[in-house]
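A.B. asks: Any chance you could fold what I've pasted below:
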Amino acid sequence: MMSTGITLADECVTEFNALRMKRAHRYMIMKPNEDKTSIVLEKVGARDATFEQFKEDMPKDQCR
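C.D. replies: Residues are numbered from 1 along each chain as shown. Have a look, this model is predicted:
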């Protein structure tokens, strides 16, 4: 496996585990930070969030 040098923020791991194990959130949106050295958490969807809210939270002009 090749290392890219990009790290994952601790907050991403914590919130992902809450999503996976406890179903605490509906979704997570992550993005690279400004200098593209780390992946950071951009948005966490509430447990009662809808697909429409997810689509609204996704940026229209950037990929995720």
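A.B. asks: Arg26 and Glu52: what is the separation?
C.D. replies: Taking CB to CB, to the nearest Å as the measure, Arg26 falls 12 Å from Glu52. Every C-beta, even on glycine, is put in place using the N, C-alpha and C of the backbone.
A.B. asks: what does Leu8 give?
C.D. replies: The span separating Leu8 from Glu52 equals 28 Å under the rule CB to CB.
A.B. asks: so Leu8 makes contact with Ile39?
C.D. replies: Yes - the criterion here is CB atoms under 8 Å, and Leu8 meets it with Ile39 at 5.0 Å.
A.B. asks: helix or strand right after the longest strand along the chain?
C.D. replies: The residue-count maximum for a strand in the chain (DSSP state E) belongs to strand 38-45. Sequence-wise, the next helix or strand beyond strand 38-45 is helix 51-57, with elements assigned using DSSP states H and E.
A.B. asks: can you list the residues that contact that following helix?
C.D. replies: Helix 51-57 is contacted from outside by Arg26, Tyr27, Ile29, Lys43, Gly45, using CB atoms under 8 Å, 6 or more residues apart in numbering.
A.B. asks: give the contact list for the last one.
C.D. replies: Applying CB under 8 Å, 6+ apart, we find Gly45 in contact with His25, Arg26, Tyr27, Met28, Ile29, Gln53, Phe54, Asp57.
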